[in-house]
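Asks: after the sequence you'll find the predicted model.
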Amino acid sequence: MDFSVLLVDDDERIRQALGLALADEGFAVEEAVSGEDALRRLGTDLFDVVLLDLMLPGVDGLQVCRTLRDQGDLPIIIVTARTDTPDVIAGLEAGADDYVTKPLVASELAARIRALLRRRGGPAQNVSHRIEDLEIWPDEGVVHRGGEEIRLTRTEFRLLAELAAAGGKIVTREQLLHRVWGYDYYGDTRLLHVHIRRLRTKIEHNADDPVFVLTVRGSGYKIGPPR
Amino acid sequence: MTVRRPSLRWRVAAALGLGSFLVTSLLAVATWNLASDYMLRQRLQATTRQAEVNLRLVEAAVRTESDGLTELLTGLTTDPDSTIMLFRSGEVLTSGRQVDPGVVPDDLLSLARSGVPARQRLHADGIPVLVVAQPLTTTRGLYVELFPLVQLDRTFRFLSGLLIAGTVLSGLIGMALGSWASRRALRPLSQLTVAASRIAGGDLKARLPDQADPDLAPLATTFNSTADALEQRVLRDARFAGDVSHELRSPLTTMVNAAAVLRRRQAELPGTAGKALGLLTSEVDRFARMVVDLMEISRADQDGDLDAFEPLDVGGLVHGVAGIRLGEDVEIVVDPPSPLVLGDRRRLDRVVGNLIENAECHAGGAVRLAVLRHEGNVRLEVDDAGPGVPGEMRVQVFERFTRGSRAGSRGTGAGSGLGLALVAEHVRRHDGKVWVEDRPGGGARFVVEIPEAAS
């Protein structure tokens, strides 16, 4: 059996149709009708991924997203009505790993979920990386800075691991979107920007003057030089 | 041939310059007449008095038949340039500056001989003089004295030079003043032009600053309220289009997913029902695409999220899109080093993708993609080997819902009818241009030009 998905949407027809289509793709789908309902179910059952509509009655999607992120690194994909609204950025800032736009098609969604849940991307990573006082242990999925563990979400960790695996070479935005999120080409760079920013606030001493994750103008990112 | 009318500014400047020139020249002529007349009269009076005194002395000397007449005449010519001539019974006595007596006009002499003192201005041996001729009362003869007018002439020349220079200068100052004043007066108009062209260019937020001047305030107020109304209207229309497609999204999500479930089971529905199902599911997909494109267009009309602009490597972008949309056999040319533009990646992806898709739908697929530098722009060319686009359709193809009736277009599964319109919208947003032309060797060439960014 594949993964279990919690589908949070207040539109019953969407829940039914998407539920059927996702089941066809091999997912076990549970439904929640509101933010409260979703939080209650997440308190009792275990899910692999949450599919979260941002426009919910009562506790809205952003709030649910923040609550879940505070509790752990459960992968969250938000469902938005428009790609251009501040909703997308707000959702990503609130901790979502990825987003899809209505009308979403189950097959594309399935690809997104699988990419998100792939255990680890990239080449064999049984070597650890060290940049100044930052230590990355790809196999264990942990990051230490100055001996203390830093909690990263799965997506943030994979982003960092991809950059570290390139060993100081430039990794283009397209490569990152492909390797971390599984986008073929049409990836939204805002997704990357928000995650890079969030990663920096967690691992850098000063997020405005990064030394670990460096921007290469016009092309992508690279990891800072080891010392 | 049309003669271009000079600008208002120049006309105002010329009118003011000409007016000021005319007024000052009138004043100058009047000044000249009064001053020269006065000075000349003064000089005439002085010389006349002098001549009378001299005449009396000479007459006295002539009467006494004094031998000292020559000395007296010499003594009388105090000015080195003045000349005294005594016409007496056929001989002429001259003293002072030597001048040929012939320069004195005959009618002046005959007038004096008839008993009337006469005077005349003339040039004698290169200098201006005043000739005063008086008859001797005691004996027959004429006393003629030539007073130099060099000093007066110099004064006149200076005065006329001063007046002419003043007139010309005042004309020039008038022109400069006119130019400056009209520019000041027209400044609100140039602000209006800037604001209006910003609005025409799509910036609905452009307004005129408040004017303190009571003559200009109504213009600014009217313009701003017009712009407000326009902005409201455009926003309302865009919001409506956005709301409509937004409301369509939820049912559409249900439909496309239900259609996906059905398509998976199409084999279970044989015959007519299966065929109908095939039609239904493919139309649902097309409908969904149309709504998504419509939404993107209405958004392109609406927002101005320029903060999404970043430096983009066009060559990499084209390679990336082509990599998933095209086969290996399509030629891709990129001018090295690959040029950069400042743009929104998602939109430029759509531009390239839609052009490739357009070639697929209507011309059997793209045969060549090129990224070139051209006069400060980055030029993207998408070539196909299809039937080309006829001249009368070349503007129309970029309009919304223009369906190609071109040969070779696929009957089913064709695009939303918005693909090229979206390309045009997105390119416009990047301050670029898009058009279609003939490809050398047959087919169509879609060309996009976007300003190149400094690398």
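Replies: Here it is on my side, so go on.
Asks: which parts of chain A sit against chain B?
Replies: A:11, A:13-14, A:16-18, A:20-21, A:24, A:81-84, A:102-107, A:172-174, A:184-186, A:188-190, A:217-219 (CB under 8 Å from any CB of the partner chain). (Each C-beta comes from the backbone N, C-alpha and C, glycine too.)
Asks: 6 Å - rerun?
Replies: A:11, A:13-14, A:17-18, A:20-21, A:24, A:81, A:84, A:102-103, A:105-106, A:174, A:184-186, A:188-189, A:218 (CB under 6 Å from any CB of the partner chain).
Asks: show the buried residues in those.
Replies: Using 16 or more other CB atoms under 10 Å in any protein chain shown as the burial test, those include A:11, A:14, A:17-18, A:20-21, A:24, A:81, A:84, A:102-103, A:105-106, A:174, A:185, A:188-189, A:218 as buried.
Asks: okay, buried residues for the helix or strand bottoming out on mean pLDDT in chain A please.
Replies: Ranking every helix and strand in chain A by mean pLDDT, DSSP states H and E puts strand A:129-131 at the bottom, with a mean of 77. Across strand A:129-131, burial judged by 16+ other CB under 10 Å covers A:129, A:131.
Asks: same for the longest helix along chain A, what does it pack against?
Replies: Criterion DSSP state H: the longest helix present in chain A is helix A:189-203. Contacts defined by 3 or more CB pairs under 6 Å, 6 or more residues apart in numbering or on different chains; DSSP states H and E place helix A:189-203 against helix A:154-165, helix A:173-181.
Asks: JSON lines for those, including mean pLDDT?
Replies: Below are these laid out as JSON lines (pLDDT from 0 to 100):
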{"stretch": "helix A:154-165", "mean pLDDT": "88"}
{"stretch": "helix A:173-181", "mean pLDDT": "85"}
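Asks: and the residue sitting furthest away from the middle of chain B, how far is that from residue A:44?
Replies: Here the centre of chain B is the reference, and by CA atoms, centre = their mean the most remote residue is residue B:64, at 87.1 Å. Between residue B:64 and residue A:44 the distance, using CB to CB, to the nearest Å, works out to 157 Å.
Asks: helix, strand, or coil at residue B:440?
Replies: Assigned by DSSP: H, G, I helix; E, B strand; the rest coil, the conformation of residue B:440 is coil.
Asks: in the chain, which spans are helices?
Replies: Since you didn't name a chain, this refers to chain A. A:12-24, A:35-44, A:61-71, A:86-93, A:106-117, A:154-165, A:173-181, A:189-203.
Asks: ah, I was thinking of chain B
Replies: Counting by DSSP H, the helices of chain B are B:8-63, B:69-76, B:106-113, B:150-200, B:217-264, B:271-302, B:314-325, B:345-363, B:419-429.
Asks: spatially central residue for chain A, please.
Replies: Central residue of chain A (CA atoms, centre = their mean): residue A:97, at 2.1 Å.
Asks: how many residues are close by the nearest residue to that one once chain neighbours are set aside?
Replies: Distances taken as CB to CB, 6 or more residues apart in numbering or on different chains place residue A:155 nearest to residue A:97, at 4.4 Å, with adjacent residues excluded. Using other CB atoms under 10 Å in any protein chain shown, the number of residues around residue A:155 comes to 23.
Asks: quick check: residue A:155 touching residue A:95?
Replies: No. Using CB atoms under 6 Å, residue A:155 is not in contact with residue A:95, being 9.8 Å away.
Asks: give me the below-cutoff pLDDT ranges for chain A.
Replies: A:1, A:82-85, A:119-127, A:185-187, A:226-227 (pLDDT under 70).
Asks: how does the chain divide into domains?
Replies: With no chain named, the answer covers chain A. Following automatic domain parsing, chain A resolves into domains at A:4-117, A:129-223.
Asks: wait, I meant chain B there
Replies: For chain B, automatic domain parsing gives the domain ranges B:8-157, B:217-302, B:306-451.
Asks: so which of these comes closest to residue A:196?
Replies: domain B:306-451 (12.9 Å; CB to CB).
Asks: does the closest one reach chain A?
Replies: Yes. On the criterion CB under 6 Å from any CB, domain B:306-451 is in touch with chain A at B:311, B:320, B:324, B:340, B:345-346, B:349.
Asks: please list only the buried members of those residues.
Replies: Applying 16+ other CB under 10 Å to the residues of domain B:306-451 next to chain A flags B:320, B:340, B:345-346, B:349 as buried.
Asks: for residue B:18, state which of these is nearest.
Replies: With CB to CB as the yardstick, the closest approach to residue B:18 among those comes from residue B:340, at 55.0 Å.
Asks: still on that earlier bit, surely the residue nearest to the centre of chain A meets residue A:75?
Replies: Yes. At 5.0 Å, residue A:97 counts as touching residue A:75 under the criterion of CB under 6 Å.
Asks: give me the common contacts of the two.
Replies: residue A:116 (CB atoms under 6 Å, 6 or more residues apart in numbering or on different chains).
Asks: what pairs with the least confident helix or strand of chain A, and is each one parallel or antiparallel?
Replies: strand A:134-137 (antiparallel) (DSSP bridges).
Asks: tell me how far the strand it pairs with is from the chain's mean position?
Replies: 20 Å (CA atoms, centre = their mean, to the nearest Å).
Asks: kindly report the same for stretch A:207-227.
Replies: 20 Å.
Asks: what of stretch A:44-53?
Replies: 14 Å.
Asks: sort out which residues of that stretch are buried, please.
Replies: Buried, per 16+ other CB under 10 Å, within stretch A:44-53: A:47-53.
Asks: ok, and what's touching it?
Replies: By CB under 6 Å, 6+ apart, stretch A:44-53 touches A:3-9, A:61, A:75-79, A:113, A:117.
Asks: any idea how far the residue nearest to residue A:41 when sequence neighbours are not counted lies from residue B:336?
Replies: Using CB to CB, 6+ apart and skipping residues adjacent in sequence, the residue nearest residue A:41 is residue A:32, 5.4 Å away. Using CB to CB, we find residue A:32 at a distance of 54 Å from residue B:336.
Asks: who's more crowded, the two?
Replies: residue A:32 (24 against 6).
Asks: tell me which residues form a beta bridge with residue 130?
Replies: All of this refers to chain A. residue A:135.
Asks: oops, wrong one, chain B.
Replies: Applying DSSP bridges, one finds that residue B:130 bridges with residue B:121, residue B:147.
Asks: tell me who's in contact with it.
Replies: Counted by CB under 6 Å, 6+ apart, residue B:130 has contacts B:47, B:121, B:147, B:149.
Asks: which of the residues you listed sit farthest apart?
Replies: B:47 and B:121 (10.6 Å).
Asks: looking at these two, which one has more neighbours?
Replies: For residue B:47 versus residue B:121, neighbours defined as other CB under 10 Å are more numerous around residue B:47 (19 against 15).
Asks: just the pLDDT for the residue lying closest to the more buried one once chain neighbours are set aside.
Replies: Leaving aside its sequence neighbours, residue B:47 sits nearest to residue B:147 (CB to CB, 6+ apart; 4.6 Å). What the model reports as pLDDT for residue B:147 is 86.
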